[in-house]
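Colleague: fold the following for me, if possible:
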Amino acid sequence: MTDAVVSIEGLSIDYVVGAGRFRAVSDVSLEVERGHVVGIVGETGCGKSTLAQAIPRLLPEPPATIGGGKIFFEGRDLVQVPLWKMPAIRGTGINMIFQEPLNSLNPAFRIYDQVAEAVRIRRVRETNGGSVVRAAGSGPFDYSRRPDPSAGDAWSGKVVPGGAVQEVVHRKQVDRETGGTHGEIAEEVLSYLRLVRINDPETILNLYPHELSGGMRQRIMIAMALSEKPSLLIADEPTSALDVTIQAQVLTLMKELITEVNTSILFISHDLGVIAETADELGVMYAGKLVEFGPVAEVFASPRHPYTKLLLRAAPTRYKTDGPLLSIAGNVPNLSRPPSGCRFHPRCPIARPQCKGDPGPPLAPVEGASANHRSACFFASEVAQMA
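Modeller: You can find the predicted model right below:
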């Protein structure tokens with residue numbers, strides 16, 4: 001029995017819309033072990049982000065519906081948890097870094113307020129033994145109820161919220177709810193900004209999201225996620241909106257943080273290079289199905305599913321000397337009418353009549369590979385000989 005922080009068993013996700021029912025994720029099973037980074041790759045529309053958002057139940061239900069399966073997080077099936085109870089698990093249990101930080105950060109509040117809120121939530125839950133029940137007579141921390149700034153403060157630029165030292169008026173409320181002074185929270189906020197390698201964090205605290213670069217905003221999002229000390233951190237294409245230079249900096253940062261912070265990571269990306277640098281295990285998705293899973297080095301060196309091999313071959317690594325880029329013949333199937341059997345068989349160069357029959361090949365161990373290397377192909381042993 002592996003020490004998995006999250007275990008997904010036969011998960012299926014449907015979208016019910018006017019055009020019909022689309023099965024975006026179909027019978028997916030995988031585990032994320034403690035302290036490991038699991039990468040998920042695949043083409044746009046293959047179900048990566050749907051899978052990622054289904055774990056903390058962030059998908060809008062409806063139109064999304066869980067068509068079957070289980071999501072065990074630290075031994076608890078999240079599929080059976082009512083949606084109104086899920087906020088108790090999100091944040092300190094499961095946290096998420098989204099693709100575009102500018103859409104995730106609140107433009108109306110300064111950086112300090114947003115990171116401090118995450119720290120407060122964690123402290124409240126630690127004080128109450130993991131419960132979200134707050135102290136009697138206290139409500140959520142509401143920035144809009146702060147006192148109006150005086151004319152002198154407005155002229156001098158000390159408009160609330162103006163940084164870590166200007167919440168003294170709320171010291172008693174913070175003490176009652178978290179058991180720590182505002183100064184302690186401010187120091188913890190600064191420590192997390194330093195953790196993500198932000199220079200001059202005291203100045204950054206007073207800025208709004210639009211005043212920061214894309215790479216700096218993504219660092220803030222990582223700091224907010226880590227400040228709640230989650231058991232599982234889901235990173236949904238966190239570098240795709242960044243330029244190459246900043247992307248490299250953020251990836252280097254995340255690799256360093258993996259060794260410094262005791263958390264597991266599910267890393268979603270369409271960039272094979274990013275996954276190769278970051279992940280311990282790799283899952284490959286196609287048309288809502290997990291078609292291959294295994295140690296990242298082994299999957300890259302010896303793929304055992306035709307789609308994985310063709311996907312790696314299509315990566316532009318040596319195109320300047322090897323001629324035109326190779327492409328995968330055919331088109332991605334319509335998920336409202338997926339092909340029978342193996343969903344890749346209409347495009348597969350080694351497909352046979354057996355591949356067209358339902359329910360299709362299961363994700364099973366591969367002969368001659370490590371025990372953790374699995375492929376959903378009847379002819380996995382022939383993939384290595386594909387031309």
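
Colleague: where in the stretch 201-350 of the chain is pLDDT low?
Modeller: Within the stretch 201-350 of the chain, the stretches with pLDDT under 70 are 240-247, 249, 257-261, 317-323.

Colleague: which stretches of it form helices?
Modeller: Applying DSSP state H, counting those that start in this stretch to the stretch 201-350 of the chain gives helices spanning 201-204, 214-227, 244-260, 272-278, 296-301, 306-314, 319-322.

Colleague: and among these, the most buried is which?
Modeller: Highest mean neighbour count of these: helix 214-227, a mean of 23 (counted as mean count of other Cβ atoms under 10 Å). All C-beta spots, glycine's among them, are computed from the backbone N, C-alpha and C.

Colleague: distance from the chain centre to that one, please.
Modeller: Distance, stretch centre to chain centre, for helix 214-227: 13 Å (Cα atoms, centre = their mean, to the nearest Å).

Colleague: now do that helix: which elements does it pack against?
Modeller: The helices and strands touching helix 214-227, judged by 3 or more Cβ pairs under 8 Å, 6 or more residues apart in numbering; DSSP states H and E, are strand 94-97, helix 101-104, helix 111-127, helix 182-195, helix 244-260.

Colleague: can I get the third one in PDB, CA atoms only?
Modeller: Read that as helix 111-127. Listed next in PDB are the C-alpha coordinates belonging to helix 111-127 (Å, rounded to 0.1, in the frame of the first residue of the first chain):
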ATOM      1  CA  ILE A 111      -0.500  42.100  -1.900                       C
ATOM      2  CA  TYR A 112      -0.200  42.100   1.900                       C
ATOM      3  CA  ASP A 113      -3.900  41.800   2.400                       C
ATOM      4  CA  GLN A 114      -4.200  38.800   0.100                       C
ATOM      5  CA  VAL A 115      -1.300  36.800   1.500                       C
ATOM      6  CA  ALA A 116      -2.200  37.700   5.100                       C
ATOM      7  CA  GLU A 117      -5.700  36.400   4.500                       C
ATOM      8  CA  ALA A 118      -4.300  33.000   3.500                       C
ATOM      9  CA  VAL A 119      -2.100  33.000   6.700                       C
ATOM     10  CA  ARG A 120      -5.100  33.900   8.900                       C
ATOM     11  CA  ILE A 121      -7.200  31.100   7.400                       C
ATOM     12  CA  ARG A 122      -4.500  28.600   8.200                       C
ATOM     13  CA  ARG A 123      -4.100  30.000  11.800                       C
ATOM     14  CA  VAL A 124      -7.800  29.900  12.400                       C
ATOM     15  CA  ARG A 125      -8.000  26.200  11.400                       C
ATOM     16  CA  GLU A 126      -4.900  25.300  13.400                       C
ATOM     17  CA  THR A 127      -6.400  27.100  16.400                       C
END
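
Colleague: next, the buried residues of it.
Modeller: Using 16 or more other Cβ atoms under 10 Å as the test for burial, helix 111-127 gives 111-125, 127.

Colleague: coming back round to it: can I get the helices and strands packed on helix 214-227 in JSON lines with distance to residue 309?
Modeller: Below are the helices and strands packed on helix 214-227 laid out as JSON lines (distance: least, Cβ to Cβ, whole Å):
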{"stretch": "strand 94-97", "distance to residue 309": "30"}
{"stretch": "helix 101-104", "distance to residue 309": "34"}
{"stretch": "helix 111-127", "distance to residue 309": "42"}
{"stretch": "helix 182-195", "distance to residue 309": "39"}
{"stretch": "helix 244-260", "distance to residue 309": "25"}
